[in-house]
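Novice: fold the following, please.
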Amino acid sequence: MSTNEKSWVSRKKLILGLIGIPALVGAWWAFRPEKLFINQKVSEAAPLAAGSEPQPTYTGKLEGKAHATSGRATIYESPEGKRYLRLSDFTTSNGPDVHGLLARAQDKALEQEIVKGNLEGLELGSLKGNQGDQNYDLPPTADLREYQAVVIYCERFHAILASPGWKSSKSERRKPAH
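Specialist: Sure thing, here's the model as predicted:
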């Protein structure tokens, strides 16, 4: 091989490396493939209220959409009026940007697995883990007549992982909700 051919091959390898390495780093950042194999378990106790225990007001069974997801989502309210969402026996796929939010049950976007643009709703924050029992405080301004569904949502890919509708627990206190 001549010197010119060796030089040309070296330049080609350098150019490929300068383009390929940033492309691989960008793909890794976007997809975070290692999270597919790493589960983050959370085991939070249910919050206690001063005086008496919080009462369930709404509950729903999580049903997977874009990814297999299961568990129960329950809204609890303390006698002082503080409300929180509790995910119990919760399991979903781990991902790069998975959040919980409250949404309108009649929103047509909830019928899809992938949403065009951002999903409208009341943001509850990033999930603490993809497995186990976890709690999320609801803002005092959250109107549960307006938001009737909790959604597990991957913001980066606009994917709905799960979304149940609510059932009022007030009429179901004598029997467990399904």
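
Novice: element containing residue 7, please.
Specialist: For residue 7, the host element (DSSP states H and E) is helix 3-31.

Novice: low-confidence ranges, the chain, go.
Specialist: Scanning the chain for pLDDT under 70 picks out 1, 24, 27-37, 49-51, 165-178.

Novice: count of neighbours near residue 145?
Specialist: 5 (other Cβ atoms under 10 Å). (Glycine included, C-beta is placed from N, CA and C.)

Novice: if I look at it, how far off is residue 6?
Specialist: Distance from residue 145 to residue 6, counting by Cβ to Cβ, to the nearest Å: 74 Å.

Novice: for residue 111, same thing?
Specialist: 60 Å.

Novice: and what of residue 14?
Specialist: 13 Å.

Novice: same deal with residue 127?
Specialist: According to Cβ to Cβ, residue 127 and residue 6 sit 53 Å apart.

Novice: of those two, who's got more company?
Specialist: Neighbour count, other Cβ under 10 Å: between residue 127 and residue 6, residue 127 has more, with 24 against 10.

Novice: quick one: the more buried one and residue 153 touch, right?
Specialist: No - contact criterion Cβ atoms under 8 Å: residue 127 and residue 153 do not qualify, at 9.6 Å.

Novice: okay, and the common contacts of these two?
Specialist: 98, 99, 100 (Cβ atoms under 8 Å, 6 or more residues apart in numbering).

Novice: including secondary structure and neighbour count, could the residues you listed go into JSON lines?
Specialist: Formatted as JSON lines, the shared contacts of residue 127 and residue 153 follow (DSSP: H, G, I helix; E, B strand; the rest coil; neighbours: other Cβ atoms under 10 Å):
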{"residue": "98", "secondary structure": "strand", "neighbour count": "22"}
{"residue": "99", "secondary structure": "strand", "neighbour count": "19"}
{"residue": "100", "secondary structure": "strand", "neighbour count": "23"}
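
Novice: so which of those residues is the closest to residue 63?
Specialist: Residue 63 lies nearest to residue 100 out of the shared contacts of residue 127 and residue 153, by Cβ to Cβ, at 15.1 Å.

Novice: pull the contacting residues for that closest one.
Specialist: Residue 100 sits in contact with 85, 87, 124, 125, 127, 136, 150, 151, 152, 153, where contact means Cβ under 8 Å, 6+ apart.

Novice: among those, which ones are buried?
Specialist: Among the contacts of residue 100, those classed as buried by 16 or more other Cβ atoms under 10 Å are 85, 87, 124, 127, 136, 150, 151, 152, 153.

Novice: next one: the second one from residue 150, what distance?
Specialist: Separation of residue 87 from residue 150 (Cβ to Cβ) stands at 8 Å.

Novice: list the residues that contact both of the two?
Specialist: With contacts defined as Cβ under 8 Å, 6+ apart, the residues shared by residue 87 and residue 150 are 62, 73, 100.
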